[in-house]
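> After the sequence you'll find the predicted model.
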There are 2 protein chains.
Amino acid sequence: MSAVNELILSKAGSNVDLIPEIARHLISSGGKRLRPMLTLAMAELCGYRGDGHVGLAASVEFMHTATLLHDDVVDESDMRRGKLAARKLWGNQASVLVGDYLLGQAFKMMVDVGSLDALRILSGASAVIAEGEVMQLGAAQDIGTTEARYMDVIEAKTAALFAAAAEVGPVIAEADASVRASARNYGMALGLAFQLVDDVLDYGGSASDLGKDTGDDLREGKITLPVILAIQRGQEADRAFWRRCLEERDVRDGDLEQAVALMRSTDALADTVTRARDFGAEALAALDGVPAGAHRDALAEAVDFCIARIS
Amino acid sequence: MSAVNELILSKAGSNVDLIPEIARHLISSGGKRLRPMLTLAMAELCGYRGDGHVGLAASVEFMHTATLLHDDVVDESDMRRGKLAARKLWGNQASVLVGDYLLGQAFKMMVDVGSLDALRILSGASAVIAEGEVMQLGAAQDIGTTEARYMDVIEAKTAALFAAAAEVGPVIAEADASVRASARNYGMALGLAFQLVDDVLDYGGSASDLGKDTGDDLREGKITLPVILAIQRGQEADRAFWRRCLEERDVRDGDLEQAVALMRSTDALADTVTRARDFGAEALAALDGVPAGAHRDALAEAVDFCIARIS
């Protein structure tokens, strides 16, 4: 992982001053490096002995960082990982362009690794992620968004990169197709669990602890699974509240507490946690299809770590 | 070229409605398809007989379209090719995300073609273009921008894609390194000529015909070569005018005419045209290094066409 970190820092460099400044702001701001870890562990458990997995892992992290930069612009977010969002510090323009730069660097690193199969998987993920974000844009401000549609959105915008990150490990190790499929299924299920946990955390977690870093989704008009379940199971009378907050984007003092109260009375948060746990179990089951050992244990722990954030 | 257009339209598709809508708005809005033409002609004059050049040409056009979508957001442009800019019709958010989608699709198409060398060239161009745009952002609102710095900006943001588009032709045809270098030099010089012509056209061309589609650069605070030459050769007293327009972004009625008058009195427009012609001549000279024939003639005509826009 330290080789990945070194590569990330060196490839975030540029003679154009603004680029390393912005890239490092994000890269060093305590991201969990969960996605590149999947690539490394999956490659190593498949017996890979080269260093191409380091380049692929760094590419995955760059793709993720580029997405964060663009997301913050699209969502008009003020904060990211407890710090001011890059767009608040350097503007939307720089965030868009530095995101593009990181994406270009990601593809360059993949090309350096030289696996066309890995390139196919990661470039496919790149298009799918953007598709998911556009879908989410369409679903935003529509409180009629269905659960099925929401699952399509998060599969594309979040889980596809987890799946690709995991799959390229066995690919570069030239493992069997069945191992590759198991790795992909693991990544996909973990990504879905991860996103659902995030959705719950934004409303204070299952304990509804409304500390800092909560309420962003409500303020940004994002329709997530807890909201969908609360609307679906709630009273007709509550729809006016959701419509005002999420469609009219008029969020007032006390609205976050009101949203959480509606979610609790409908078990929306608890049931989202249950689904996250189900996807976590699916991820663990998929691990049966990859070779056993310390790296597989680490991948199992990643699932527990992800779920444990809400416990 | 019709195969390229078909591929472009099919790969701009998506189940997410907004994507084809926005992509087609741009793709069908009368772009000159100059860049993909370079790829096709260069591949064919090198004797290439497969269909990989079609995929590469379509990738190049997608990279270009993605850049236009993001540029309009960054420049806060209202118009593009005489139509409302996508961001005015669908918003900045969709423009950022659909740009990302097209970039992902571009890489997918390149991977389908399967040439790692072509992938290296085009992914490199993708990072360089973004770097150029960030450089331009830094130079914007700085009337002290030097000519050398400006040439670095346009080499990166415009000419690098022309160079890459031309170079991947010989690359996929497996032509000699010298042919490949000539193709690249041709593209680079053509791209520089093209951008300088654009810069002049934005101030009405060498005839200073201030019809529609002029004045965007002044309104957007862009420091281009005509501006740099006018400031460098002008009176100290005129700097206050340029500072107000370009640094303070306070452009009033009559300012465009005033800018053009200052450019004419300093020969800034005429000398930018001269440099464009010089780069055009350099592009023609580079063509000596690629095999002769109808396709080479077409590439020579592309240079004339590009320069003729200001004649």
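Received, thanks.

> Now whichever helix or strand residue A:285 is part of: average pLDDT?
Using DSSP states H and E, residue A:285 falls within helix A:268-286. The average pLDDT within helix A:268-286 is 97.

> what's the following helix or strand after it?
If you walk from helix A:268-286 toward the C-terminus, the next helix or strand you reach (DSSP H and E) is helix A:294-308.

> That next one versus helix A:268-286: what angle between them?
For helix A:294-308 against helix A:268-286, the angle by axes from the mean of the first three to the mean of the last three Cα atoms, to 10 degrees is 170 degrees.

> average pLDDT for helix A:294-308?
Mean predicted confidence for helix A:294-308 is 96.

> how much space between residue A:129 and residue B:210?
44 Å (Cβ to Cβ, to the nearest Å). C-beta: built from backbone N, CA, C; applies to glycine.

> Check residue A:18 too.
Distance, residue A:18 to residue B:210, by Cβ to Cβ: 34 Å.

> Which one of the two is surrounded by more residues?
Between residue A:18 and residue B:210, counting by other Cβ atoms under 10 Å in any protein chain shown, residue A:18 is the more crowded of the two (19 against 14).

> Contacts only, for that one.
Neighbouring residues of residue A:18 by Cβ atoms under 8 Å, 6 or more residues apart in numbering or on different chains: A:90, A:94, A:98, B:134, B:137-138.

> Identify the farthest-apart pair in those residues.
Farthest pair in the contacts of residue A:18 (Cβ to Cβ) is A:98 and B:138. Separation: 11.8 Å.

> Which one's more surrounded, these two?
A count of neighbours by other Cβ under 10 Å puts residue A:98 above the other of residue A:98 and residue B:138, at 32 against 16.

> Look at the residue in the stretch 151-300 of chain A positioned nearest to chain B and say how many residues are nearby.
Proximity of the stretch 151-300 of chain A to chain B (Cβ to the nearest Cβ) peaks at residue A:156, 8.8 Å away. By the criterion of other Cβ under 10 Å, residue A:156 has 22 neighbours.

> what's the pLDDT at the closest residue to it other than its chain neighbours?
Using Cβ to Cβ, 6 or more residues apart in numbering or on different chains and skipping residues adjacent in sequence, the residue nearest residue A:156 is residue A:132, 2.7 Å away. pLDDT recorded at residue A:132 is 94.

> before we move on, what about residue A:29?
Looking at residue A:29, its pLDDT reads 68.

> before we move on, back to that, contacts for the helix holding residue A:285 next, please.
For helix A:268-286, the external contacting residues (Cβ under 8 Å, 6+ apart) are A:182-183, A:185-187, A:189-190, A:192-193, A:196-197, A:199-200, A:203, A:205-206, A:208, A:225-227, A:229-230, A:233, A:260, A:262-263, A:300, A:303-304, A:306-307, A:310.

> Likewise for stretch A:302-311?
Here stretch A:302-311 has contacts from A:34, A:37-38, A:190, A:193-194, A:197, A:200-201, A:205-206, A:273, A:276-277, A:280, A:283-284, using Cβ under 8 Å, 6+ apart.

> let's go with 6 Å and repeat that
For stretch A:302-311, contacts defined as Cβ atoms under 6 Å, 6 or more residues apart in numbering or on different chains pick out A:190, A:193-194, A:197, A:200, A:205-206, A:273, A:280, A:283-284.

> Need the max-distance pair from those residues.
A:205 and A:284 (21.7 Å).

> could you say which helix or strand contains residue A:126?
Judged by DSSP H and E, residue A:126 forms part of helix A:116-139.

> How about residue A:53?
Using DSSP H and E, residue A:53 sits within helix A:52-75.

> List the strands paired with the helix or strand of chain A with the lowest mean pLDDT, with their directions.
Within chain A, no helix or strand scores below strand A:79-80, which has a mean of 76 by mean pLDDT, DSSP states H and E. Using DSSP bridges, strand A:79-80 pairs in its sheet with strand A:83-84 (antiparallel).

> quick one: average confidence on the partner strand?
82.

> Tell me the gap between it and the middle of its chain.
Here strand A:83-84 is found 18 Å from its chain centre; the criterion is Cα atoms, centre = their mean, to the nearest Å.

> for stretch A:167-180, same thing?
Offset of stretch A:167-180 from its chain centre (Cα atoms, centre = their mean): 22 Å.

> same question, stretch A:158-165
8 Å.

> and residue A:20, that's in a helix?
Yes - per DSSP: H, G, I helix; E, B strand; the rest coil, residue A:20 lies within a helix segment.

> you'd agree it is up against residue A:9?
No - Residue A:20 is beyond contact range of residue A:9, at 8.6 Å (criterion: Cβ atoms under 6 Å).

> related to what we said a few turns ago, pull out the buried residues from the contacts of helix A:268-286.
A:182-183, A:185-187, A:189-190, A:192-193, A:196-197, A:199-200, A:203, A:205-206, A:208, A:225-227, A:229-230, A:260, A:262-263, A:303, A:306-307, A:310 (16 or more other Cβ atoms under 10 Å in any protein chain shown).
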